[in-house]
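**Student:** Fold the following, please.
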Amino acid sequence: MASQKLFKTFSTELIKSVNLSIDRKYFYYDDDGEKCELIESKVDPLATNNKVVKLEDTNRDWIEYRKSHSLFIDITIKMDNIVNIFHGKTQACDSKAKLGIGLSWKALNSKFKYCKKLGVIDDYLDDFKVTINDVEIKCPDSDIEFNWFIYIVQPGNSNGRDGFANAEGMIVAFEHAWTILVSGNGSIFPIEEYAKQGDPLWHTRVDFMDWTEDEFNIDNLAIVLNPAHPLFPKIDSESEEYDENILKEVLSSALSSLVTEIMIVAKENGNDDELYKEPLETKGSILSAIRYFKSALGFDVDKRPSELEKTIKKFFDKEKKICK
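**Tutor:** Residues are numbered from 1 along each chain as shown. You can find the predicted model right below:
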């Protein structure tokens, strides 16, 4: 069961009411210093996820440039109905507090997470809009996940009353903003690459403690593809040898293994029965993903591995858009 929060954070209702949106424009500079624009397009393999995108270059130069050049983004963030943060039934902060809005990102091939302050809001604002230009993203030759967050810049007057976060730096909201896919697999499942001669084409990595709290992301689990394997060009969409059917077969088998391992770890931790209880887990957690696989996609997550694998492979055969 998810642990009880010690202070109020943004509810789903509040996040919807403030209508937070992030617009972005991408570009890079070529070897001659010329600014080259990139086009963002959606990668929506399950027709449910509109936060996964890829970048396209009409000149097709970015595929090579991203290995050695930075990506730049002009970011505009907008928010309405700010009054709902400080007043009413959705109130999450003391009315005298000042809040900062930030953006964080991490490339999957980097150990470093970067953060950028975007602006400050308080109870005197009805709406908010700010544009930050030339945000530099280093190491862009890998999938990059972006998250927005809101934190306390200046405490209010509550002194912790009513359960409000009221200390500088406390995070009151944290949400996935969008992900730029670079790897070419086009999958919503956590995928990373690790080249090692002699290792199999793929394996899975699972390392979490509490599936009700730990997120279903690259930090806690992954399908690991091996670029050093002789068959890797068959599943690399940028290769002349690419075969979508082989990629689907690899991903379906790997996902079956990943879900099986998740269920084993949950059982070892003694909380696998949470799957059958009223949902109380954190949004975006491993358990919430497993629930989605079970209820929405029809995966037999709680049956024998062979039955689970059968339902996943049937789904991959049916959903042609599961991978690009």
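
**Student:** What residues does residue 79 make contact with?
**Tutor:** If you count contacts by C-beta atoms under 8 Å, 6 or more residues apart in numbering, residue 79 has them with 18, 19, 20, 21, 101, 121, 127, 128, 129. Yep, even glycine has a C-beta here, placed from its N, CA and C like the rest.

**Student:** nearest spatial neighbour of it, skipping sequence neighbours?
**Tutor:** residue 128 (4.4 Å; C-beta to C-beta, 6 or more residues apart in numbering).

**Student:** ok, now residue 315?
**Tutor:** residue 297 (5.8 Å).

**Student:** and the lengthiest helix in the chain, which residues are buried?
**Tutor:** The helix that spans the most residues within the chain, counting by DSSP state H, is helix 244-268. The neighbour-count check on helix 244-268 (16 or more other C-beta atoms under 10 Å) flags 247-263, 265-266 as buried.

**Student:** my read: residue 122 touches residue 99, true?
**Tutor:** Yes - contact criterion C-beta atoms under 8 Å: residue 122 and residue 99 qualify, at 7.0 Å.

**Student:** the more surrounded of these two?
**Tutor:** The residue with more neighbours, out of residue 122 and residue 99, is residue 99; 25 against 18, by other C-beta atoms under 10 Å.

**Student:** does the more buried one sit in a helix or strand, and which one?
**Tutor:** strand 98-107 (DSSP states H and E).

**Student:** For that strand, which strands pair with it and how are they oriented?
**Tutor:** Next to strand 98-107 in the sheet, as set by DSSP bridges, lie strand 114-121 (antiparallel), strand 144-154 (antiparallel).

**Student:** Of these, give the one that comes closest to residue 9.
**Tutor:** strand 144-154 (9.1 Å; C-beta to C-beta).

**Student:** Give me the helices and strands touching the helix or strand following the closest one, please.
**Tutor:** Counting by DSSP H and E, the next helix or strand C-terminal to strand 144-154 is strand 171-180. Applying 3 or more C-beta pairs under 8 Å, 6 or more residues apart in numbering; DSSP states H and E, we find strand 171-180 packed against strand 52-56, strand 144-154.

**Student:** List the buried residues in the longest one.
**Tutor:** Under the neighbour-count criterion of 16+ other C-beta under 10 Å, strand 144-154 has 144, 145, 146, 147, 148, 149, 150, 151, 152, 153 buried.

**Student:** now those as JSON lines including distance to residue 309?
**Tutor:** Listed next are these as JSON lines, based on distance: C-beta to C-beta, whole Å:
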{"residue": "144", "distance to residue 309": "31"}
{"residue": "145", "distance to residue 309": "28"}
{"residue": "146", "distance to residue 309": "33"}
{"residue": "147", "distance to residue 309": "32"}
{"residue": "148", "distance to residue 309": "37"}
{"residue": "149", "distance to residue 309": "37"}
{"residue": "150", "distance to residue 309": "41"}
{"residue": "151", "distance to residue 309": "43"}
{"residue": "152", "distance to residue 309": "47"}
{"residue": "153", "distance to residue 309": "50"}
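
**Student:** that older thread, what helix or strand does the residue nearest to residue 315 sit in?
**Tutor:** Using DSSP H and E, residue 297 sits within no helix or strand.

**Student:** got it, and residue 313?
**Tutor:** Counting by DSSP H and E, residue 313 is part of helix 305-318.

**Student:** can you list contacts of that helix?
**Tutor:** With C-beta under 8 Å, 6+ apart, helix 305-318 has contacts from 248-249, 251-253, 255-256, 259-260, 297-301, 322.

**Student:** again with stretch 274-291
**Tutor:** For stretch 274-291, the surrounding residues in contact (C-beta under 8 Å, 6+ apart) are 1-2, 12, 176, 208, 211-217, 220-221, 259, 262-263, 266, 294, 301-302.
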